[in-house]
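Trainee: return a 3D structure for these sequence lines:
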Amino acid sequence: VNGSNYDAAVRVPTNSRDVSTGRVGTQFTIPMYDGRIFLPTDAAPSPGGDTPPRLAREASRPLEAARLSDHLLVARTARGLELRFDRAGKPTHILLHGRTVMTGGWPVICNHPMHQYQPESLTEPTIDVSSQEVTFAFKGQLVEGGKRISYTQTASLTPRNQFSLRYTFTVEDALDLRMWRHYFFFPVSQFAGGEAKAEGRQIVLPETLGDDKLLPSATQVTIAGPHARIAVTSSVPLGLVDHRKWGSADFLLAGYPLSGAVPAGTKLTVEMTVQVTPTGAGGRKQVPVSD
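Mentor: Numbers count the residues shown, from 1 in each chain. Down below sits the predicted model:
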C-alpha cells in the first residue's frame, strides 16, 4: 500500500505477478494513494520495464510541471515546494518536502444563508513551462442559485519557492452575498509556538485557544514555524485569526473584498504572492544554496 503523496517504485524479493495489471517482474510502480497485490509466479518476466512514477518524491529539475489526470495538475521546485490544482484552479495541496504547510488560495463565495458558489463551464487549463516559471491558466464560472460570476485565474511558481495566484472576476448577475473570502489555513499542529508578524506587530502563535483575533488586517503578513517561514503579500488586506474557535485546528489568514449587495458588471482583481522558505530547528532560517 502506498499511502503517500507520491508514486513509489518498489522491488519484491521473488518473481511476481501484479494482480491489477498482469505484469510479471520484480520491480513495480505503485501510484500515490493506491495499492497492489503481488503473487509469486514461475512465469517469465514481462518485456520492458514497469511504468515509471508519474511523480517521484524528489524533483529531478529546478522546476517541473505535470498533468497527472483530468483533475490533477502539479507544479513543483527542486527546493521542495509543490502546488497541486484541480481542473477549476482550486489548490488542493500546498506542500513543502511532502508536508502540507498550508491550504487555501481559492475564494469561498456564498449567498445567504451559506450556499457556496461552485465552478462550472470550465475551459481546459493550460500549462506554460520555462526555466524561470511554471504558469497555469484557468477559466470558468462560479454559479449558485442561477447567479453567475465569471473568472480567470493565473497561478505561477518560480524555482525560488515563490508562487502567485491572480484572479479576475466579473459579476454577471446582481448578487446578495453572505461572504466573499480569500484565505489561507495554517495547521496549528505545525505553527503553534511559532511567530507571526504584520504592520510592525509580532506575536507568538498560541498553543491553546484564547483571543481568536491574532493580527489586524494587512497586505503583508509573515508566519513562521519549525518547518517553514511563509510570507504572504496580498492586494486584499488579510487578518489572522485562531480558527479553533470555529471548529478547525488552523490559524486562518483571510480577507473579505466584497459583501452584501453587489451589482451586475462589478469587476474584482485579487492577487496573492507567497514566498515559502524552509527553516531549521526552532524556526531558524537555513542558509540558502546559491543557484
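Trainee: how close does the residue of the chain most remote from its centre get to Arg17?
Mentor: When distances to the mean C-alpha position of the chain are computed (Cα atoms, centre = their mean), the maximum falls on Asp42, with 45.1 Å. Distance of Asp42 to Arg17, given as Cβ to Cβ, to the nearest Å: 10 Å. To be clear about C-beta, it is placed using only N, CA and C from the backbone, and glycine gets the same treatment.
Trainee: now Leu96
Mentor: To Arg17, Leu96 is 38 Å away according to Cβ to Cβ.
Trainee: between these two, who's got more neighbours?
Mentor: Neighbour comparison, Leu96 and Arg17: the larger count goes to Leu96, with 21 against 18 (by other Cβ atoms under 10 Å).
Trainee: my read: the more buried one touches Leu81, true?
Mentor: Yes - look at Leu96 against Leu81 with Cβ atoms under 8 Å: they come within range, at 5.7 Å.
Trainee: give me the common contacts of these two.
Mentor: Taking Cβ atoms under 8 Å, 6 or more residues apart in numbering as the contact rule, Leu96 and Leu81 both touch 161, 276.
Trainee: span of stretch 95-103 from start to end?
Mentor: Across stretch 95-103, the terminal residues are separated by 9 Å (Cα to Cα, to the nearest Å).
Trainee: what residues does it touch?
Mentor: 4-6, 57, 76, 80-84, 91, 93-94, 161, 184-187, 190, 227-228, 230, 250, 274, 276, 278.
Trainee: what pLDDT does the closest residue to Ala174 other than its chain neighbours get?
Mentor: Nearest-residue entry for Ala174: Ala264, 4.8 Å, with adjacent residues in sequence omitted and distances by Cβ to Cβ, 6 or more residues apart in numbering. The per-residue pLDDT reported for Ala264 equals 98.
Trainee: over to Val287?
Mentor: At Val287, pLDDT is 34.
Trainee: same deal with Asp50?
Mentor: 87.
Trainee: mind checking the SS state of Lys245?
Mentor: The local conformation at Lys245, judged by DSSP: H, G, I helix; E, B strand; the rest coil, is helix.
Trainee: what residues does it make contact with?
Mentor: By Cβ under 8 Å, 6+ apart, the neighbours of Lys245 are 209, 212.
Trainee: what's the pLDDT at it?
Mentor: So, for Lys245, pLDDT stands at 96.
Trainee: now it: how far from Cys110?
Mentor: The value you get for Lys245 to Cys110, if Cβ to Cβ is used, is 19 Å.
Trainee: related to what we said a few turns ago, now do the contacts for the residue nearest to Ala174.
Mentor: 171-174.
Trainee: and it, how close does it get to Glu120?
Mentor: 18 Å.
Trainee: and for Gly146?
Mentor: 11 Å.
Trainee: which elements pack onto the helix or strand where Ser234 lies?
Mentor: Counting by DSSP states H and E, the element that carries Ser234 is strand 228-242. Judged by 3 or more Cβ pairs under 8 Å, 6 or more residues apart in numbering; DSSP states H and E, strand 228-242 is in contact with strand 99-104, strand 175-187, strand 213-224, strand 250-255, strand 267-278.
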